[in-house]
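A.B. asks: Sharing a model that was predicted from the sequence below.
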Amino acid sequence: MGHYLRNRLLQAVVVILIIIVGNFILLNAVPGDLVDVLAGRGGDMDADLMASLRARFGLDDPLPIRLLDYIRNVLTGNLGYSWPHSQPVLDVVLQRLPATTLLVILSVITSVFIGTLTGVFAARKAHKLTDVILSMVVLVCYATPIFLTALALMLIFSVQLGWFPLSGLTTAGAEEGILATAADMGRHLVLPVVSLSLFYVAIYARLSRASMLQVLTQDYVRTARAKGVSERGVILGHALRNALLPVITMAGLQITELFGGAVLTETIFGLPGVGRLAYDAVFARNFPLLLGILIVCSFIIVIVNLLVDLLYMKLDPRVELTK
């Protein structure tokens, strides 16, 4: 285990280094920089002033030198400075990270629970009317774009019915206290979580249904039934554990996708998360902040993938660690 973890951590360092180099080169190939943005906001800016600002920000150095300086700073925990926020990049990202993390965790839990439950139920009613209806609903959820689902939910439940807040994570002037704050945040997160979850509910439902149908034909399941184990015991005690293996793999992929792709949902619902921060950083040409977001998200994704591999091994003893 120790040797495996060391190898995975070394691989993670290499992957993150490649991500840093690749994204640094790509972002610096984009026309314009922070000084151009400041010049556009302030009207006509003197050329000498722009040159001095570029020298102050280190933007006039050759690309290889800037890249080496940036890698050296990252290794010491310095992800740069966000001038529009007047704060270090790491502090800005960490301020927005809890909102995105909460959104991702709730979306994964919701989609895994509902999707797996739907798939198991459909497998037990395979090729019957219930299975057909569930398959049609799942297909609609899968075919509907996430942003369209988000807009439809907002229009119905926020604008017309007024059941949930329109945007934001908290209500200004709401009651203080842990329970009151949690309830307020919960009401704000219902629609974003549902809009992100429906697409993945469809995926988990199809995965768990197919996996359950395959597992139910195995010899150990027939043996359990021959011993007189109830159908509920067969499903929960014997079949479900092995049927969850592809679901666990997909859950890891969902976490990585949501951390990198929650921009639309956070923008539509006005959530103060990392996705919305990255969106604003692109238009502000705030490349240090954008690189910092990519590094932090890459680190989280690498850790999640490692945990998924370990959990997969725990659920299936046949899987061995590759040294």
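C.D. replies: Great, that's in hand.
A.B. asks: hey, where'd the helices end up in the stretch 51-200 of the chain?
C.D. replies: Here the stretch 51-200 of the chain has its helices, by DSSP state H, counting those that start in this stretch, at 63-75, 89-124, 129-143, 146-153, 178-215.
A.B. asks: To residue 2, which of these lies closest?
C.D. replies: Relative to residue 2, the nearest member of the helices of the stretch 51-200 of the chain by Cβ to Cβ is helix 63-75, separated by 23.9 Å. Bear in mind the C-beta positions are built from the backbone N, C-alpha and C, glycine included.
A.B. asks: That closest one packs against which elements?
C.D. replies: Packing partners of helix 63-75 (3 or more Cβ pairs under 8 Å, 6 or more residues apart in numbering; DSSP states H and E): helix 2-28.
A.B. asks: Now do the helix it packs on against helix 63-75, angle only.
C.D. replies: Here the directions of helix 2-28 and helix 63-75 differ by 140 degrees (axes from the mean of the first three to the mean of the last three Cα atoms, to 10 degrees).
A.B. asks: before we move on, the earlier item: just put the helices of the stretch 51-200 of the chain in CSV and tack on mean pLDDT.
C.D. replies: As requested, the helices of the stretch 51-200 of the chain are arranged in CSV below (pLDDT from 0 to 100):
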stretch, mean pLDDT
helix 63-75, 83
helix 89-124, 87
helix 129-143, 86
helix 146-153, 85
helix 178-215, 84
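A.B. asks: closest one to residue 22 among those?
C.D. replies: Closest of those to residue 22 is helix 63-75, at 10.7 Å (criterion: Cβ to Cβ).
A.B. asks: Can you tell me what sits against the closest one?
C.D. replies: By Cβ atoms under 8 Å, 6 or more residues apart in numbering, the residues outside helix 63-75 that reach it are 17, 20-21, 24-25, 28, 58-59, 61, 79-80, 291, 295.
A.B. asks: quick revisit: in TSV, list the helices of the stretch 51-200 of the chain along with mean neighbour count and distance to residue 168.
C.D. replies: As requested, the helices of the stretch 51-200 of the chain are arranged in TSV below (neighbours: other Cβ atoms under 10 Å; distance: least, Cβ to Cβ, whole Å):
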stretch	mean neighbour count	distance to residue 168
helix 63-75	13	33
helix 89-124	20	10
helix 129-143	14	26
helix 146-153	16	15
helix 178-215	20	6
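A.B. asks: Among the ones you listed, which comes closest to residue 250?
C.D. replies: Taking Cβ to Cβ, helix 178-215 is the member of the helices of the stretch 51-200 of the chain nearest to residue 250, at 6.0 Å.
A.B. asks: measure the nearest residue to residue 23 once chain neighbours are set aside to residue 74 for me?
C.D. replies: Spatial nearest neighbour of residue 23, excluding adjacent residues (Cβ to Cβ, 6 or more residues apart in numbering): residue 294 at 5.2 Å. When distance is defined by Cβ to Cβ, to the nearest Å, residue 294 is 11 Å away from residue 74.
A.B. asks: What of residue 165?
C.D. replies: 38 Å.
A.B. asks: coming back round to it: in contact with the residue nearest to residue 23, which residues?
C.D. replies: Contacts for residue 294 (Cβ under 8 Å, 6+ apart) come out as 19, 20, 23.
A.B. asks: between those, which is nearest residue 214?
C.D. replies: Minimum distance to residue 214 across the contacts of residue 294 is 36.3 Å, recorded for residue 19 (Cβ to Cβ).
A.B. asks: Tally up the residues packed near that closest one, please.
C.D. replies: Using other Cβ atoms under 10 Å, residue 19 is surrounded by 18 other residues.
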